[in-house]
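[1] I need the structure of the sequence given here:
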Amino acid sequence: MTEHAPNLGILYAEESGRGLTHPFFVLILNAIKEEAASRGYDITFMHPGADEDCAEHCRRGGIDGVCMVCLDFRAPQFKALAESGIPCVTIDHIYKRVPAVLSDNETGVQKLVEYAIKKGHRRIAFIYGHDNSVVTRTRVSQFHNTMAYHDLPVPPEYLKQGLYDAIGLTRKLVLELLRLPERPTCILLPDDVAYLGAQEAAWEMNLRIPEDIAFGGYDGIPLTQAMSPRLTTIRQSSEDIGQTAAKRLIELIESPEAASRKPTIFPVELIEGGTIGAV
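    Below you'll find the model as predicted:
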């Protein structure tokens, strides 16, 4: 009788519809796959129904542990999985007693805002992502903190709730900001993909980037570094995040008593592109 390889489950429910072609999360998922394969683990993508018991899904499918990526982490079925005793690791979210792997979002937003301020920008707007995410809440809070530290106001109309990886919605929200009586000189975007929609909005208003309007992104994906002008953004360590998530999950499966439950937080890097110019 052949003994089956141990199996890591990946819970991934990215909301934009890009699925495994998402330009940021595909790098993380690939790193998880490669690290798992190097340790002799198979990978199974999990697709439980909306009301399905995820823990029971794992038991039926012979899944030894789960990496939870890009989910609505407030959903009861995912909370229940995290509390079920099945080894779990989260990316970009923290549950009690569950190891998490994430970027230093506080420093990332601070670096981006302060870079814009150094370039002379004072009217800075922020389009942020899904409000169900601890990442979003951290970024919005740090945006307010950094602006307050520099004694800069944040008018309510300068804050727009968007979505991650939503080009069309970003275009709409950028147009709303650009049509304000006192429009911002710099708009921070929820992620790099949003820059495609922001660029369209600027062209529609006959505005030049960065001379008339500046944009800052988040993620550091190759696509927006190949565009013109190249996006000023915060680069996250996607490969490190994925590799570490797999390592920590395997450690939790193989040595549950010794495995740490503390989060792993990776530093971020500011990429000085061409979309935030001097005022």
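[2] Next one: the closest residue to V140 other than its chain neighbours from L178, what distance?
    Nearest residue to V140, sequence neighbours excluded (Cβ to Cβ, 6 or more residues apart in numbering): Y128, at 5.3 Å. Backbone N, C-alpha and C define where each C-beta goes, glycine included. To L178, Y128 is 17 Å away according to Cβ to Cβ, to the nearest Å.
[3] try V109
    Taking Cβ to Cβ, one finds V109 at 22 Å from L178.
[4] can you check T224 too?
    T224 is 20 Å from L178, by Cβ to Cβ.
[5] Please apply the same query to A246.
    From A246 to L178 the distance is 42 Å (Cβ to Cβ).
[6] Give the residue from these two that has the larger number of neighbours.
    Taking other Cβ atoms under 10 Å, A246 and L178 do not tie; A246 has more neighbours (28 against 19).
[7] Now tell me what touches the helix or strand where that one lies from outside.
    A246 belongs to helix 238-254 when assigned by DSSP states H and E. With Cβ atoms under 8 Å, 6 or more residues apart in numbering as the test, helix 238-254 has contacts from 6, 8, 24, 27-32, 34-36, 39, 41, 64-67, 69, 87-89, 91, 99, 101-103, 219-220, 258-260, 264, 266.
[8] of these, buried ones?
    Buried by 16 or more other Cβ atoms under 10 Å: 6, 8, 24, 27-29, 31-32, 35-36, 41, 64-67, 69, 87-89, 91, 99, 101-103, 219-220, 259, 264, out of the contacts of helix 238-254.
[9] Inside strands: which ones of those?
    With strands taken from DSSP state E, the overlap with the buried ones among the contacts of helix 238-254 comprises 8, 65-67, 69, 88-89, 91, 101-103, 264.
[10] Distance to E239 and pLDDT for those residues - can I get that in JSON lines?
    Putting those into JSON lines (distance: Cβ to Cβ, whole Å; pLDDT from 0 to 100) gives the following:
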{"residue": "L8", "distance to E239": "17", "pLDDT": "96"}
{"residue": "G65", "distance to E239": "20", "pLDDT": "96"}
{"residue": "V66", "distance to E239": "20", "pLDDT": "97"}
{"residue": "C67", "distance to E239": "15", "pLDDT": "96"}
{"residue": "V69", "distance to E239": "14", "pLDDT": "90"}
{"residue": "C88", "distance to E239": "21", "pLDDT": "97"}
{"residue": "V89", "distance to E239": "16", "pLDDT": "97"}
{"residue": "I91", "distance to E239": "13", "pLDDT": "94"}
{"residue": "V101", "distance to E239": "12", "pLDDT": "97"}
{"residue": "L102", "distance to E239": "14", "pLDDT": "95"}
{"residue": "S103", "distance to E239": "12", "pLDDT": "95"}
{"residue": "T264", "distance to E239": "14", "pLDDT": "97"}
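[11] Can I get these in a markdown table including distance to H144?
    A markdown table is the format used below for those (distance: Cβ to Cβ, whole Å):
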| residue | distance to H144 |
| --- | --- |
| L8 | 38 |
| G65 | 37 |
| V66 | 34 |
| C67 | 32 |
| V69 | 28 |
| C88 | 31 |
| V89 | 30 |
| I91 | 25 |
| V101 | 26 |
| L102 | 20 |
| S103 | 19 |
| T264 | 26 |
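[12] Out of these, the closest to D165 would be?
    V69 (13.7 Å; Cβ to Cβ).
[13] Pretty sure that closest one sits against N30.
    No. Contact criterion Cβ atoms under 8 Å: V69 and N30 do not qualify, at 12.0 Å.
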